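Undergrad: Okay, here's the prediction I keep looking at, along with the sequence it came from:
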Amino acid sequence: MKKIFLSLFIGILFLPMAQAQQSAEEQAVKAVIDQLFTGMKQHDSTMVRTAFHPSARMQSVGFNRKTQKIALETEDSIDGFVKQIGSIPANRAIEERVLSYEIRIDGNLATAWTPYEFYADGKFSHCGVDAFQFYKTDNGWKIIAIADTRRKDCGK
C-alpha cells in the first residue's frame with residue numbers, strides 16, 4: 001500500500017512539470033506554423049524555407065475542375081512552393097488566418113490541425129484545414145508534411 005501511495009504522490013508531484021514541458025513543446029510547434037504564415041504574408045522565402053525539413057511533402061484536397069470531383073492533388077515540391085512565395089509581387093497581399101490550433105506531440109513527432117481562412121488582397125478566397133506533421137530535429141521542430149483542404153463553402 002505504501003508503494004502505491006508513494007508512486008501516486010510522486011506522479012502528482014511531477015505532473016505539472018510534464019504538462020509545462022508539453023506546453024513549451026506545443027508553443028514551439030505553434031511558432032513554426034506562425035513562422036510559415038508570417039513568411040508567406042511577407043513574401044519571405046527564407047523564412048518559409050526554414051520552417052520545413054528538406055524532405056517535406058505538400059498535398060491538397062480540393063475541387064478538380066477537369067473531373068468535377070473532390071480529389072487529392074499533389075502540390076509542387078517545397079522548393080517550388082518557396083520559389084512561388086518569393087515571386088509574389090510586393091503589391092499582392094496574401095494572408096492565411098489560423099482559426100485554432102490542435103497540437104499533439106509524442107517524442108520527436110508532432111501533428112497540428114489548424115482550420116484556416118485565406119485572403120488575397122484583403123478579400124476572402126477560401127477556407128479549409130491544414131494538417132501538419134512535424135519532426136523535432138537538432139535545430140527544433142520542422143514541418144515534414146502538410147495536407148490541406150480548400151473549400152469555398154465556409155459559411156461566409
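TA: That came through, no problem. Numbers count the residues shown, from 1 in each chain.

Undergrad: surely residue 124 meets residue 97?
TA: No - contact criterion CB atoms under 8 Å: residue 124 and residue 97 do not qualify, at 9.8 Å. Every C-beta, even on glycine, is put in place using the N, C-alpha and C of the backbone.

Undergrad: who touches both of the two?
TA: 117-118 (CB atoms under 8 Å, 6 or more residues apart in numbering).

Undergrad: Do you have the helices of the protein handy? List them.
TA: Using DSSP state H, the helices assigned to the chain run over residues 2-41, 45-49, 78-86.

Undergrad: worst average pLDDT in these?
TA: Per-stretch mean pLDDT for the helices of the chain is lowest at helix 2-41 (a mean of 72).

Undergrad: quick one: contacts of the lengthiest strand in the chain?
TA: Longest strand in the chain by number of residues (criterion: DSSP state E): strand 123-137. With contacts defined as CB under 8 Å, 6+ apart, strand 123-137 is touched by 29, 32-33, 53, 98, 107-119, 141-152, 154, 156.

Undergrad: Out of those residues, list just those in strands.
TA: Short answer: the contacts of strand 123-137 in strands (DSSP E) are 53, 98, 109-119, 141-149.

Undergrad: Go ahead and build a ChimeraX selection from the buried members of those residues.
TA: Buried subset of those, written as a ChimeraX selection, criterion 16 or more other CB atoms under 10 Å:
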select :53,98,110,112,114,115,116,117,118,141,142,143,144,145,146,147,148,149
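
Undergrad: Show me what residue 145 bridges to in the sheet.
TA: residue 57, residue 133 (DSSP bridges).

Undergrad: Against residue 134, how distant is it?
TA: Going from residue 145 to residue 134 by CB to CB, to the nearest Å gives 9 Å.

Undergrad: List the contacts of the nearest residue to residue 102 once chain neighbours are set aside.
TA: Once flanking residues are discounted, residue 102 sits nearest to residue 113: 4.3 Å by CB to CB, 6 or more residues apart in numbering. Residue 113 is in contact with 101-102, 129-132, counting by CB under 8 Å, 6+ apart.
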